[in-house]
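**Q** Provide a 3D model corresponding to the input given below.
(one chain, ligands or ions: 2)
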Amino acid sequence: MNNAEYLEKDFYAALGVSKDASQAEIKKAYRKLAQQHHPDANKGDKAAEERFKEVGRAYAVLSDPKKRAEYDEARRLLASGAFGGGFGGFPGGGGGFPGGTRVTVDDFGGLGDIFNLFRGRQSQTGARRGRDVESEVTLGFEEAVRGATIPLQLRGPAPCHTCHGSGARPGTLPKPCETCNGRGTVTRDQGLFGLSSPCPTCQGRGSVIEDPCPTCNGRGTEVRTRELRVRIPVGVSDGATIRLKGQGEPGQAGAPAGDLIVKVRVTPHPLFGRSGQDLTITVPVTFAEAALGTELKVPTLDGPVTLKVPAGTQNGRTFRVRGRGVPGSGRKGGGDLLVSLQVAVPEKLSRKERELLREFASLSETTPRNHLGID
Ligand SMILES: [Zn+2]
Ligand SMILES: [Zn+2]
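**A** Ligands and ions are numbered 1, 2, ... in the order given. All right, here's what the predicted structure looks like:
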């Protein structure tokens, strides 16, 4: 029975038990079915004989917790398509489970060996992890403050869409290399030392592709444009990087894919600045407003708020509007809006204004320079 057929069989269904059946339930179901379909009780009944064998195979795997766990995992991966898309360490370039090429597993013990073979590949051969890929997104100021999901198009090597990265024609699978027995390395006896080197037949992959995928010619990768959606966290700042695990270039010989590193650029806002979690804004006021006090309408990202400016406010004084900064997320608390007042000096005055200001100046008994000891 080959490995693929192995995994296509639902052993739980064969025994008529649920996926989370206990060992006792499995044993009970097996005993009942084995008795029922036993060849002694069904002389000459081919169907019963097949059924009897099937029940035996199912029981051999499910009654052994280790084999059962491997079987469950393999079935889960098979169902999720993971074999077709980068199963870590699958011989032959990153996936593509077992289809047509006959990987022979002689007995039930073989399943675990096959899986260990796949898993062990990387460490034994040093198969190269895929390269990290860098990309850049530019966000609007408000998108960066509030968080966003940004579509990103990436052109570069990706798992082949036909074989999902296995390199083997769909419906077939890479075959363990006979030269190295699937290990990916060969050991030559050099007197006292055994010298280990990558297998020349399979170039360290541990498997050979007899029937290559027609799209990628067995490489397992193809250059294409991928469409990704990158989630930008709330409050990201200009220059930040976001790492997307496994979204880089596919690895060699089933090694893991690299990461995608997205650098974030934030376009400046015409009114607001950022200082960590706080937003900043500078609001000009007239000398009269600062001296007499006033109520100002100040814009925020969530609509204007009213700010009371007390009489005698100095140029450059900063007011804090609570909760109008970058929203909190995770362990980061939300920020405030820092409003700095800037006393604007008029560049042009009307005749009347000039007269009033002259009069104002003549009324002042002190100057702001008195404490310096000068007039
Ligand atoms: Zn392909
Ligand atoms: Zn080999």
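**Q** shaky segments in this structure?
**A** Applying pLDDT under 70 to the chain flags residues 1-8, 76-127, 189-194, 253-254.
**Q** how about the residues of it near ligand 2?
**A** Within the chain, the positions adjacent to ligand 2 are 177, 179-180, 199, 201-202 by Cβ under 5 Å from the ion. Heads up, the C-betas are built off the backbone N, CA and C, glycines and all.
**Q** could you pick out the buried ones from these?
**A** 177, 180, 199, 202 (16 or more other Cβ atoms under 10 Å).
**Q** turn those into CSV, columns for secondary structure and distance to ligand 1.
**A** Conversion of these to CSV gives the following (DSSP: H, G, I helix; E, B strand; the rest coil; distance: Cβ to the ion, whole Å):
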residue, secondary structure, distance to ligand 1
177, coil, 19
180, coil, 23
199, coil, 22
202, coil, 17
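**Q** helix/strand/coil for residue 67?
**A** Using DSSP: H, G, I helix; E, B strand; the rest coil, the structure places residue 67 in helix.
**Q** tell me the spacing between it and residue 58.
**A** With distances defined as Cβ to Cβ, to the nearest Å, the gap from residue 67 to residue 58 amounts to 11 Å.
**Q** tell me the one of the residues of the chain next to ligand 2 nearest residue 141?
**A** When the residues of the chain next to ligand 2 are compared for distance to residue 141, the smallest value, 53.2 Å, is given by residue 202; criterion: Cβ to Cβ.
**Q** for the closest one, what are its contacts?
**A** Under the criterion of Cβ atoms under 8 Å, 6 or more residues apart in numbering, the contact list for residue 202 reads 91, 177, 179-180, 184, 208.
**Q** strands of the stretch 101-250 of the chain, residue ranges please.
**A** If DSSP state E, counting those that start in this stretch is used as the criterion, the strands of the stretch 101-250 of the chain fall at 133-139, 148-159, 175-176, 185-190, 193-198, 207-208, 221-232, 241-244.
**Q** can you redo those as a markdown table with distance to residue 279 and mean neighbour count?
**A** Converted to a markdown table, those look like this (distance: least, Cβ to Cβ, whole Å; neighbours: other Cβ atoms under 10 Å):
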| stretch | distance to residue 279 | mean neighbour count |
| --- | --- | --- |
| strand 133-139 | 15 | 16 |
| strand 148-159 | 17 | 16 |
| strand 175-176 | 61 | 23 |
| strand 185-190 | 58 | 12 |
| strand 193-198 | 57 | 12 |
| strand 207-208 | 56 | 25 |
| strand 221-232 | 17 | 14 |
| strand 241-244 | 22 | 14 |
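**Q** looking at these, spot the one closest to residue 267.
**A** Set against residue 267 and scored by Cβ to Cβ, those come closest in strand 133-139, at 6.3 Å.
**Q** each with direction, which strands does the closest one pair with?
**A** In its sheet, strand 133-139 lies beside strand 260-266 (parallel), with partners assigned from DSSP bridges.
**Q** give the buried residues for the helix or strand following the partner strand.
**A** From strand 260-266 onward toward the C-terminus, using DSSP states H and E, the following helix or strand is strand 273-275. When neighbours are counted by 16+ other Cβ under 10 Å, the buried residues of strand 273-275 are found to be residue 274.
**Q** go on, stretch 60-69?
**A** For stretch 60-69, the neighbour count (16+ other Cβ under 10 Å) marks 60-62, 64, 67-68 as buried.
**Q** same check on stretch 301-319?
**A** Along stretch 301-319, these residues count as buried under the neighbour rule (16+ other Cβ under 10 Å): 301, 307, 309, 313, 317, 319.
**Q** in CSV: the residues you listed, plus distance to ligand 1 and secondary structure.
**A** Compiled in CSV, those are given as follows (distance: Cβ to the ion, whole Å; DSSP: H, G, I helix; E, B strand; the rest coil):
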residue, distance to ligand 1, secondary structure
301, 48, coil
307, 63, strand
309, 68, strand
313, 70, coil
317, 67, coil
319, 63, strand
